[in-house]
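>>> have a look; sequence and predicted model below, questions after that.
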Amino acid sequence: MEESSKRKKISKKWIILLSVVIFLLVIGIIIYSLQFTLFKFSYEKGNENIAKKVYSINKNNTKLRQQTDEMFSEKFDDYISKYKNDEITYEEIKEYINKFIEYKDCSNKLEEVKAQKEKYEKAEQYYEQKNYKEALPIYIELANSDYANLAGKLTDTKSKLKQDVLEQVNELKQDTNYSEAINIMEETKKFYSDDRDFLDLLTEVKKLQQTKESEEKERKKVEEIKSTIKIIKIWTDRPNSAGGVDLYINWENLSDKTIKYVYFTVSPYNSVNDTVRCTIRNYSSFTAQDDGPYSKGQGMKGTRYCWENAWYNYSIKGAKLENVRILYMDGTSLDIPEKYINYIQ
């Protein structure tokens, strides 16, 4: 009986001891879990010293640090919202966040937001000035950085910019100033990469510019050709007894360069203006070479020189010029194909 009683007493002691340990453990867990509540209560009641001690003692408490970070992140976001809406100044928000800087340092984030706000205000100025080209990229940048919900602003600004660009381009088209129209559209094309109307207009203007450049190039080519040589007259003599026909070409050098050689390719025609052939050599085209040098104003004139028996054919009544090739003393050359012959005759 005595041993049984002892056993019961020992068992009861262990139960009591275990209960105490469990109680203390529960209390510890509760206290551990309530550290943030205690910290938050103390901080918000202005008992900053108590809040600091609680935080310092429990700084290794991961949950406390996490909850503290979330608490001040919410406060910072609230201040930022007011700052963006001009409810508080930069100096005021900086003063607010400096109060909890030892728990969460938001200085860098504040500077970032400050820079974004300045950009936003600049974009707003551009928008008010109807300078949508400068405003739009800033709005896009801020929207991508989640500064604010700018979806409506982006749509409106893109629409207004497009309208401005199209008006300018249409005016420039009327003035045939296609290059400037292209520059304006290229500067803003990145904002309208999926806008079919915009891209189709850009393609149209580029084609117009290409046509204009081709025409200008052709005009310069014609002016160059017209200033090189002048064909005064081309004619043939009557066929001789053997049917041989002499060719005469009178021409003058109009350029400032000295001509070394000039080659005239001509073909004969009959009384009904059909091209005929040489009955002996069996060719139509004949290339007449004239040797220089010929300076400006010089050339071949009159009947003192001809290309004898250029063809043999009794039906030949005259000859027409097909093309001209000029070699200059400076080593350069110029070819004048048939399409430009009218400009030198």
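Perfect, I can see it now.
>>> show me the beta-bridge partners of residue 321.
Under the criterion DSSP bridges, residue 321 forms beta bridges with residue 266.
>>> same question for residue 307.
If you apply DSSP bridges, the partners that residue 307 bridges to are residue 247.
>>> distance check, it against residue 280.
Distance of residue 307 to residue 280, given as Cβ to Cβ, to the nearest Å: 15 Å. In short, each C-beta sits where N, CA and C put it, glycine included.
>>> residue 35 too?
Counting by Cβ to Cβ - residue 35 and residue 280 are separated by 121 Å.
>>> repeat that for residue 100.
Separation of residue 100 from residue 280 (Cβ to Cβ) stands at 111 Å.
>>> same check, this time on residue 59
Distance from residue 59 to residue 280, by Cβ to Cβ: 116 Å.
>>> compare residue 35 and residue 280 (neighbour count), which wins?
Shown here are residue 35 and residue 280; by other Cβ atoms under 10 Å, residue 35 has more neighbours (18 against 13).
>>> in the stretch 1-150 of the chain, which spans are helices?
For the stretch 1-150 of the chain, helices defined by DSSP state H, counting those that start in this stretch occupy the ranges 2-33, 35-44, 48-57, 62-84, 90-98, 107-128, 132-144.
>>> now do residue 11, the pLDDT please.
Confidence at residue 11, expressed as pLDDT, is 64.
>>> kindly report the same for the one 5 residues further on.
The predicted structure scores residue 16 at 64 on the pLDDT scale.
>>> now residue 288
97.
>>> which residues touch it?
Contact analysis of residue 288 by Cβ atoms under 8 Å, 6 or more residues apart in numbering lists 247, 249, 263-266, 307, 310.
>>> ok, then the element right after the helix or strand harbouring it?
Assigned by DSSP states H and E, residue 288 belongs to strand 286-294. Next along the chain after strand 286-294, taking DSSP H and E as the criterion, comes strand 299-300.
>>> in its sheet, what does that following strand sit against?
Assessed with DSSP bridges, strand 299-300 is paired to strand 244-253 (antiparallel).
>>> what residues does the partner strand touch?
So strand 244-253 is in contact with 228-239, 259, 262, 264, 266, 268, 286, 288, 290, 294-303, 306-313, 316, 319, going by Cβ under 8 Å, 6+ apart.
>>> same deal with stretch 162-175?
For stretch 162-175, the external contacting residues (Cβ under 8 Å, 6+ apart) are 130, 132-133, 178, 180-181, 184-185, 188, 192, 195, 198, 201, 205, 208.
>>> same question for stretch 83-97.
By Cβ under 8 Å, 6+ apart, stretch 83-97 touches 75-76, 79-80, 82, 106-107, 110, 113-114, 117, 120, 147-148.
>>> go again using 10 Å as the cut-off
Defining contact as Cβ atoms under 10 Å, 6 or more residues apart in numbering, one finds that stretch 83-97 is touched by 72, 75-76, 78-82, 104-107, 109-111, 113-114, 116-118, 120-121, 147-148.
>>> which stretches of the stretch 201-345 of the chain form strands?
Along the stretch 201-345 of the chain, the segments classed as strands by DSSP state E, counting those that start in this stretch run 229-236, 244-253, 259-269, 286-294, 299-300, 307-312, 318-328, 333-336.
>>> what residues sit buried inside the third one?
In other words, strand 259-269. 259-262, 264, 266-269 (16 or more other Cβ atoms under 10 Å).
>>> please name the nearest non-neighbouring residue to the most centrally placed residue in the chain.
Among the residues of the chain, the one closest to the centroid is residue 186, at 5.3 Å (Cα atoms, centre = their mean). Excluding the flanking residues, the one nearest residue 186 by Cβ to Cβ, 6 or more residues apart in numbering is residue 202, at 7.7 Å.
>>> now do that neighbour against residue 97, distance only.
Relative to residue 97, and taking Cβ to Cβ, residue 202 is found at 48 Å.
>>> could you dump stretch 241-250 to CSV, C-alpha only?
Output of stretch 241-250 as CSV, limited to C-alpha atoms (Å, rounded to 0.1, in the frame of the first residue of the first chain):
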residue,chain,number,x,y,z
SER,A,241,26.5,54.5,-157.8
ALA,A,242,27.3,51.5,-155.5
GLY,A,243,24.6,52.4,-153.0
GLY,A,244,27.1,53.8,-150.5
VAL,A,245,25.6,56.4,-148.2
ASP,A,246,27.8,59.0,-146.4
LEU,A,247,26.8,60.2,-142.9
TYR,A,248,27.1,63.8,-141.7
ILE,A,249,26.8,64.9,-138.0
ASN,A,250,27.1,68.5,-136.9
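>>> now it: average pLDDT?
Mean pLDDT, stretch 241-250: 96.
>>> give me the buried positions along it.
For stretch 241-250, burial by neighbour count (16+ other Cβ under 10 Å) applies to 243-250.
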